[in-house]
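> Okay, sequence plus prediction incoming.
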Amino acid sequence: MQLLNAPSTSSLTFHHSPTQSIGGINILNSLNFSCQRHARTLRESILAYGNSNLSTIVAKATSVEAGASSVSSETAEAEVTKALSQIIDPDFGTDIVSCGFVKDLHTSVASGEVSFRLELTTPACPVKDMFEKQANEVVAALPWVKNVKVTMSAQPARPIFAEQLPSGLQTISNIVAVSSCKGGVGKSTVAVNLAYTLADMGARVGIFDADVYGPSLPTMVSPESRILEMNPETRTIIPTEYLGVKLVSFGFAGQGSAIMRGPMVSGVINQLLTTTEWGELDYLVIDMPPGTGDIQLTLCQVVPLNAAVIVTTPQKLSFIDVAKGVRMFSKLKVPSIAVVENMCHFDADGKRYYPFGRGSGSEVVQQFGIPHLFDLPIRPTLSASGDSGTPEVVADPQGEVARIFQELGVCVVQQCAKIRQQVSTAVSYDKSFKAIRVKVPHSDDEFYLHPATVRRNDRSAQSVDEWTGEQKLQFGDIPEDIEPEDIRPMGNYAVSITWPDGFSQIAPYDQLQTMERLIEVPQLTH
Ligand SMILES: Nc1ncnc2c1ncn2[C@@H]1O[C@H](COP(=O)(O)OP(=O)(O)OP(=O)(O)O)[C@@H](O)[C@H]1O
């Protein structure tokens, strides 16, 4: 067998193994390739394709002006597409044509008119103006083009996988948890200001205050209606709203503080969250209850969190708490994308003071490989605005605090887009290769598996006796040339594969990785 479509820079390994059974997983047979891509960094991508290429394109285009009249309408579209494919999305490291952003392309060589729409993943895309400008430039540089009309839009809000979700959550693109392991570190302050920053960036945003014992949202915002209403027909909850952000909190439920035990609290939170008519949201920010206990765990299991932002204070002891939080999210396959070190310093008499010490945030970033750290200073205004019902980023949009939240907002938008892209393209079927390609989200692990191996190693009750562990599905039950019909992501942890016999297999990434790992892979040397 030949290695088709192998990138020249990849180191490929190939193996066709006999039946093996190790560690509870039967590796019946496998075709396996490991492919370590030479990942292009964001900066390299921009340098390689972005700015430098724009000027090259412009130069080239002018030099071929003489040939403009010979352009046919078929080649016109191809030329526009080619020109647009020079623009790289810095978050995905791929061109905007491959990302599928270019829609409704119309060209007319006779009139020199070109129009198209760029449909981005989020209306809060921090580089949307750059895309619009570059798209105008590269297309206008084509010799036959006289007028370019670019319209910008965003994809409708939807989660990566919607089928299994409660209906209330089926129109939310990204759910971001803001979490801390201790109370009083500023988690609600961060959640609320982050939400209003995202809204200011153009996104449709909701906040869910999951702290039943001490809901902070009612103090931090001042909506006209402070009571959640219920739709009597659908028995769903209608969020209240303040400055365009939808809000749900137990504090708006009109029952005051509750005395409830753990499982009851989980039930109330889940009901409040999943039966709310959120409508289309680009981001739902969840202000998590502090800690890493059962309540947090069940919440994380019910809600398909895309990412977590961890809030901490600089004390050394906080490191241990944060580590707990990061581990909890990591176990649930929720990537922690940023750490906010709150109350890290204040300025007085021209000097900067660090009352709680320094360095615990950067230790978290280093130890857990979390890519971003944000320092939030102690500011009396931050506390005052929290109490006054107007978030600081709204009260002082040009201030230092708003600037820090803008950076955090950009980070959240970019990381969520990256995570969605990674998850939705994590597992695919390569027809020419007749192999399932696995690129595990949030890791460099990339490999190919033989479809029959994946199907034969299903661990569900249909294939393996739950009590005895006895293999019910036999090797010969699955044809060697079986091909998957459909592959869909299921949150951050698994994919659902539909086979021609109608069987729907849930394959967690861990399991796919185990299949790959348990096979001896001789290295192919080039
Ligand atoms: N950087 C800051 N500068 C000044 N005051 C702050 C800062 N961050 C938070 N505060 C204030 O500290 C108090 C606690 O903040 P917040 O309610 O956000 O914490 P929390 O972690 O959500 O607490 P809990 O878990 O109890 O809800 C609030 O009064 C808030 O206004």
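Nice, I can see it.

> for the stretch 201-350 of the chain, which spans come out with low pLDDT?
Residue ranges of the stretch 201-350 of the chain with pLDDT under 70: 254-266.

> Can you show me the helices along it?
Along the stretch 201-350 of the chain, counting by DSSP state H, counting those that start in this stretch, helices occupy 217-220, 262-274, 294-302, 316-331.

> from those helices, which stretch is densest packed?
helix 217-220 (a mean of 21; mean count of other Cβ atoms under 10 Å). The C-beta positions use only the backbone N, C-alpha and C, and glycine is treated the same way.

> one step back: show me the one of the helices of the stretch 201-350 of the chain that comes nearest the ligand.
For the ligand, the closest of the helices of the stretch 201-350 of the chain is helix 217-220, at 7.7 Å, according to Cβ to the nearest ligand atom.

> name the helices or strands packed onto the closest one?
Applying 3 or more Cβ pairs under 8 Å, 6 or more residues apart in numbering; DSSP states H and E, one finds that helix 217-220 contacts helix 187-200, strand 245-249, helix 380-388.

> Redo the helices of the stretch 201-350 of the chain as JSON lines? Include distance to the ligand.
What follows is the helices of the stretch 201-350 of the chain, written out as JSON lines (distance: least, Cβ to the nearest ligand atom, whole Å):
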{"stretch": "helix 217-220", "distance to the ligand": "8"}
{"stretch": "helix 262-274", "distance to the ligand": "14"}
{"stretch": "helix 294-302", "distance to the ligand": "12"}
{"stretch": "helix 316-331", "distance to the ligand": "12"}
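
> Ok, which of these comes nearest residue 235?
Ranking those by their distance to residue 235 (criterion: Cβ to Cβ) puts helix 262-274 first, at 10.4 Å.

> Residue numbers of the stretch 351-500 of the chain in contact with the ligand?
Residues of the stretch 351-500 of the chain lying near the ligand by Cβ under 6 Å from any ligand atom: 376, 378, 379, 382, 383, 386.

> Quick check on the residues you listed: which are buried?
376, 378, 379, 382, 386 (16 or more other Cβ atoms under 10 Å).

> tell me the contacts of the third one?
Taking Cβ atoms under 8 Å, 6 or more residues apart in numbering as the criterion, residue 379 is in contact with 346, 392, 400, 401.

> of all the helices and strands packed on helix 217-220, which lies closest to residue 405?
Closest to residue 405 of these, according to Cβ to Cβ: helix 187-200, at 4.3 Å.

> next one: the closest one to chain centre, how far?
With Cα atoms, centre = their mean, to the nearest Å as the basis, helix 187-200 stands 18 Å off its chain's centre.

> Next, the angle strand 245-249 makes with that helix.
150 degrees (axes from the mean of the first three to the mean of the last three Cα atoms, to 10 degrees).

> my read: residue 274 touches residue 170, true?
No: judged on Cβ atoms under 8 Å, residue 274 makes no contact with residue 170 at a distance of 10.2 Å.

> Name the residues of the top helix by length along the chain that are buried.
Scanning the chain for the longest helix, with DSSP state H as the assignment, gives helix 400-424. By 16+ other Cβ under 10 Å, the buried positions in helix 400-424 come out as 401-402, 404-406, 408-423.

> what does stretch 89-106 give?
So for stretch 89-106, counting by 16+ other Cβ under 10 Å, buried means 89-97, 99, 101-102, 105.

> Could you work out the end-to-end span of it for me?
Distance between the two ends of stretch 89-106: 22 Å, counting by Cα to Cα, to the nearest Å.

> Tell me how many other residues crowd the residue nearest to residue 289 when sequence neighbours are not counted.
Nearest non-adjacent residue to residue 289, counting by Cβ to Cβ, 6 or more residues apart in numbering: residue 211, 4.6 Å away. Other residues lying near residue 211 total 22 when counted by other Cβ atoms under 10 Å.

> Residue 211 against residue 286, yeah?
No: in this structure residue 211 lies outside contact range of residue 286 using Cβ under 8 Å: 10.1 Å.

> Ramachandran angles for residue 489?
Dihedral angles of residue 489 (phi, psi; degrees, to the nearest 10) stand at phi -70, psi 150.

> Apologies, that question was intended for residue 435.
When read as degrees, to the nearest 10, the backbone of residue 435 gives phi -140, psi 150.
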